[in-house]
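> Quick one: sequence plus predicted model below, questions after.
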Amino acid sequence: MNSLNSVFDYEDIQLIPNKCVINSRSEADTSVTLGKFTFKLPVVPANMQTIIDDKIAEMLAKEGYFYIMHRFEAENRLAFIKKMHGQGLIASISVGVKAEEHAFIREMSAQAVIPEYITIDIAHGHAESVIKTIRLIKRLMPQSFVIAGNVGTPEAVRELENAGADATKVGIGPGKVCITKVKTGFGTGGWQLAAVRWCAKAASKPIIADGGIRTNGDIAKSVRMGATMVMIGSLFAAHEESPGKTVEKDGQLFKEYFGSASEYQKGEHKNVEGKKILLPHKGSLKDTLKEMQEDLQSSISYAGGRDLSALTKVDYVVVKNSIWNGDTI
Ligand SMILES: NC(=O)C1=CN([C@@H]2O[C@H](COP(=O)(O)OP(=O)(O)OC[C@H]3O[C@@H](n4cnc5c(N)ncnc54)[C@H](OP(=O)(O)O)[C@@H]3O)[C@@H](O)[C@H]2O)C=CC1
Ligand SMILES: Nc1nc2c(ncn2[C@@H]2O[C@H](COP(=O)(O)O)[C@@H](O)[C@H]2O)c(=O)[nH]1
């Protein structure tokens, strides 16, 4: 197990700058390769119903960003893949592990409607059900890149990789609308960044850090600790384009963001591990993506490099609860 000394989270870390080697931040290359494709940013919006829909997926794919469609309108997935492929775009979907999901995997294979990326999306991903699902996909659709999760330990990462996963997703309970940590007592909430580091050291394939990103600087920190890609919910919620419902309160506009294991998603109060929050309306998603890219380019320049690889080597200090220092953005 991790020693307590090496347990930290995003707000406890500051990266140490190196001499700048570029003349403008615009020279810094933020692109990342995952599987057979290269994307503009090492960032993917969470595969949740208040974060992504068909329209956003299409926009992201057209603009060269990675995306993962959620699995909560299960019956639309085949048509979604066909529609994306019809436009020459990458298809990236999510599946669960139940019998009906295995039937769906067989259906995709039988119809030769093969997505480029398939994410197995369940709460406790270190499970035989996930291993069976990985094996089924790899047997029927070996050309699909399989992301499996979520997990929070090196043992889980290795086991899913050995079963055939092409990448694993790390994060149990650090999410903004997550209540797993309080309902079950388990998770990586409060030490997610250390868990990413711990898992990445054991991984032989890419790691996706999932949950707990609160500022753009946290993306650079995730890459430093070994993440190839970073999944983000709350920072991508509440935009003009976001699927969540808009609510007006005291003359101010908010949008809802709810957990995939919340009663709002499930339609019943059973095994609830997520909640709903209202976030102030944020404007356009494209502007947020642009700012994320600019901030990450700046991070690369502080790292003394020209691309993301520079971030993987920088020194860092652990200073508990240091970054806010009483301030807000
Ligand atoms: N990243 C995170 O920290 C978390 C994410 N989530 C998100 O919520 C959504 C729903 O997740 P999930 O409930 O797993 O999906 P499903 O409802 O599809 O459940 C998947 C299967 O796993 C079983 N299962 C779920 N949790 C456990 C567990 N703790 N132990 C044993 N079996 C379990 C379920 O059975 P049964 O329901 O009968 O137990 C079901 O058969 C997903 O999108 C997931 O990513 C949810 C919680 C935490
Ligand atoms: N414990 C729960 N985790 C959830 C739920 N729905 C989604 N998630 C996870 O949160 C991240 C997004 O985190 P954020 O901090 O960026 O907002 C998402 O990708 C899932 O892994 C849930 O109901 N319960």
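Thanks, I have it. Ligands and ions are numbered 1, 2, ... in the order given.

> who's in contact with the strand or helix carrying Val230?
According to DSSP states H and E, Val230 maps onto strand 229-232. With CB atoms under 8 Å, 6 or more residues apart in numbering as the test, strand 229-232 has contacts from 32, 34, 42-47, 66, 68, 167, 169, 171, 206, 208-211, 213, 218-219, 222-223. For every residue, glycine as well, the C-beta is placed using N, CA and C.

> The same query, at a cut-off of 6 Å, please.
Leu34, Pro42, Val43, Val44, Ala46, Ile208, Ala209, Asp210, Ile213, Ile219, Ser222 (CB atoms under 6 Å, 6 or more residues apart in numbering).

> Next, the contact list for the residue lying closest to the fifth one once chain neighbours are set aside, please.
In this case it means Ala46. Leaving aside its chain neighbours, Ala46 sits nearest to Gly233 (3.7 Å; criterion: CB to CB, 6 or more residues apart in numbering). By CB under 6 Å, 6+ apart, the contact set of Gly233 is Ala46, Met48, Ile51, Gly175.

> Are we agreed that Ser94 is in a helix?
No. When DSSP: H, G, I helix; E, B strand; the rest coil is applied, Ser94 is found to be strand, with no helix at that position.

> So in terms of bridging, what pairs with it?
Thr119 (DSSP bridges).

> pretty sure it contacts Ile120?
No. Ser94 lies out of contact with Ile120 (CB atoms under 6 Å); the separation is 7.6 Å.

> neighbour-wise, which of the two wins?
Per other CB atoms under 10 Å, whichever of Ser94 and Ile120 has more neighbours is Ile120, with 28 against 24.

> what's the spacing between Met108 and Leu289?
To Leu289, Met108 is 29 Å away according to CB to CB, to the nearest Å.

> Ligand 1 contacts on the stretch 201-329 of the chain?
Gly211, Ser260, Ala261, Asn271, Glu273 (CB under 6 Å from any ligand atom).

> Of these, which pair is most distant in space?
Gly211 and Asn271 (18.5 Å; CB to CB).

> Neighbour count for those two, which is higher?
Between Gly211 and Asn271, Gly211 has the larger neighbour count (other CB under 10 Å), namely 25 against 10.

> ok now do that one, which residues does it touch?
Gly171, Pro174, Gly175.

> Which members of those additionally contact ligand 2?
The subset of these within reach of ligand 2, by CB under 6 Å from any ligand atom, is Gly171, Gly175.

> just to revisit the earlier point, give the partner strands of the strand holding Val230 in its sheet and their orientations.
Sheet pairing for strand 229-232, using DSSP bridges, gives strand 43-45 (parallel), strand 207-210 (parallel).

> can you give me the end-to-end distance of stretch 160-178?
23 Å (CA to CA, to the nearest Å).

> next one: stretch 208-221
13 Å.

> got it, and stretch 248-256?
OK, stretch 248-256 end separation, CA to CA: 11 Å.

> picking that back up, out of the strands paired with strand 229-232, deepest packed?
strand 207-210 (a mean of 29; mean count of other CB atoms under 10 Å).

> Centre of the chain to it, how far?
For strand 207-210, the gap between its own C-alpha mean and the chain's C-alpha mean amounts to 6 Å (CA atoms, centre = their mean, to the nearest Å).

> that older thread, show me what secondary structure element comes after the strand holding Val230.
Counting by DSSP H and E, the element after strand 229-232 in chain order, helix or strand, is strand 246-249.

> how about that following strand: buried residues?
By neighbour count on 16 or more other CB atoms under 10 Å, the buried set for strand 246-249 is empty.

> Okay, now the sheet partners of it, with direction.
strand 252-258 (antiparallel).

> Please say whether there is contact between the partner strand and ligand 2.
No. Judged by CB under 6 Å from any ligand atom, strand 252-258 stays clear of ligand 2, getting no closer than 7.3 Å.

> Also stretch 31-51?
Yes. Shown here: stretch 31-51 in contact with ligand 2 (CB under 6 Å from any ligand atom) through Ala46, Met48.

> Need the mean per-residue confidence for that stretch.
In this model, stretch 31-51 has a mean pLDDT of 98.

> neighbouring contacts of that stretch?
With contact meaning CB under 6 Å, 6+ apart, stretch 31-51 is reached by 30, 52, 64-66, 68, 70, 72, 94, 121, 145, 229-231, 233, 236-237, 243-244, 257-258, 260, 293.

> Just the buried subset of those residues, please.
Buried among the contacts of stretch 31-51 by 16+ other CB under 10 Å: 30, 52, 65-66, 68, 70, 94, 121, 145, 229-231, 233, 236-237, 243-244, 257-258, 260, 293.

> Between the contacts of Gly233, which sits nearest ligand 2?
For the contacts of Gly233, the minimum distance to ligand 2 (CB to the nearest ligand atom) is 2.5 Å, reached by Gly175.

> Model confidence score at that closest one, please.
Gly175 carries a pLDDT value of 97.
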